[in-house]
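Peer 1: Provided below are the primary sequence and the corresponding predicted coordinates.
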Amino acid sequence: MVLAILVFACASLAQSTAVAPGTKRFQGDGISFRYPARWQALTDPNDTSSFSALIVYVSNDQMSSPCVVKPMSISCGLPLAHLSERSVLASWSANGFPGWTFKRALGRALRVDGDPAKLRLTRSVCGVGADVMMDVVVERPHVADNWFEFRACIKGPGINELERQAKKVLRTVHFAG
């Protein structure tokens, strides 16, 4: 269960490559997906905790490393302090918690790469001044107490178009194994 998170954190073989006109492809830590070519991807193997591990951030805004490593500590935050107008900061993470169940997750039912998922849109600033947060929880049916999570923080104007782009990323996801 939580051990699966540590495997994802240690196996950071992230790759971004061009695949189709207008898109790039991310592949690493058990997930692959396409995202708009003008966006950038950022990974940091230090961004883990006992119950979650960052897989990747993608954004059309300027990002920098979310973690500060000191001799006796690592502290991680977000890869940007504030979203610019017409921006998205999205992330994929692998999560695990003893006793977690998909049925208690909130949101509208959908499927991501054939797996059960739930989508929730809220008016949340996400800590970066966003207008809307899109949160998608994807059940990992073969790994008890574990889930993938896609979170997109969106700053308008143009929220509908940016939500559409984030949902398009979801339609291209493939989970390994």
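Peer 2: Sure thing, it's come through. Numbering: from 1, shown residues only.
Peer 1: put the alpha carbons of the helix or strand containing Val138 into CSV.
Peer 2: Val138 belongs to strand 132-139 when assigned by DSSP states H and E. Taking Å, rounded to 0.1, in the frame of the first residue of the first chain, the C-alpha atoms of strand 132-139 are listed here in CSV:
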residue,chain,number,x,y,z
VAL,A,132,-11.0,27.2,-10.0
MET,A,133,-9.5,23.8,-8.9
MET,A,134,-10.2,20.6,-10.8
ASP,A,135,-9.5,17.6,-8.6
VAL,A,136,-9.6,14.1,-10.1
VAL,A,137,-9.1,11.0,-7.9
VAL,A,138,-8.4,7.8,-9.8
GLU,A,139,-8.9,4.5,-8.0
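Peer 1: just checking, what packs against it?
Peer 2: Helices and strands in packing contact with strand 132-139 are listed as strand 108-112, strand 115-122, strand 146-155, helix 159-171; criterion 3 or more Cβ pairs under 8 Å, 6 or more residues apart in numbering; DSSP states H and E. Just so you know, the C-beta spots here come from the backbone N, C-alpha and C atoms, and that holds for glycine as well.
Peer 1: quick one: it to chain centroid distance?
Peer 2: Remark: strand 132-139 is offset 9 Å from the chain centroid, using Cα atoms, centre = their mean, to the nearest Å.
Peer 1: in its sheet, what does it sit against?
Peer 2: Strand 132-139 pairs in its sheet with strand 115-122 (antiparallel), strand 146-155 (antiparallel), by DSSP bridges.
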